[in-house]
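K.L.:
quick one: sequence plus predicted model below, questions after.
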Amino acid sequence: MAHPAPYPVRLADDIARQLGQLTNDLARLPTDQAMQVLARVLDPIEGILGRFTSLVSTGSAHSKDHAERGLLPAEVWLALGRAANDLYSLGFDLEPTLNTLQRFSTQPAATTAKPPAPAPLVVRRRR
């Protein structure tokens, strides 16, 4: 008889499934609601990004212990450490945009206002 997966494994599977649902829902949401979701997801401390960064950092610490005891290749520990550092940097880079996302997401929809002019996403430098 197969043993059921331990609770943390089931929890990880459930979170992955819910993230898939969130992605599908986000694709269908109106822009203002999508911005509310993104602001929460990208929060580097309390959001999914921040929590995931903490999860990878904790995993890195555990993999270091295993690597030091010869139970896991050191490359795994190093890769998880780099991933945790990259995620931390990503959160740090995105942090200034969160106020804008949150402000945009809480503004009432303007029905009579003229939409803002599109802004270029790439700025070309003059030589």
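P.N.:
Cool, the structure landed.
K.L.:
quick one, grab the pLDDT at residue 44.
P.N.:
Here, the pLDDT recorded for residue 44 equals 85.
K.L.:
counting neighbours, what do you get for it?
P.N.:
Other residues lying near residue 44 total 18 when counted by other Cβ atoms under 10 Å. Yep, even glycine has a C-beta here, placed from its N, CA and C like the rest.
K.L.:
give me the three-state assignment for it.
P.N.:
coil (DSSP: H, G, I helix; E, B strand; the rest coil).
K.L.:
next one: residue 80
P.N.:
Following three-state DSSP, we place residue 80 in the helix state.
K.L.:
next, give phi and psi for the residue nearest to it when sequence neighbours are not counted.
P.N.:
What sits nearest to residue 80 in space, not counting adjacent residues and going by Cβ to Cβ, 6 or more residues apart in numbering, is residue 60, at 3.9 Å. Taking degrees, to the nearest 10, you get phi -60, psi -40 for the backbone angles of residue 60.
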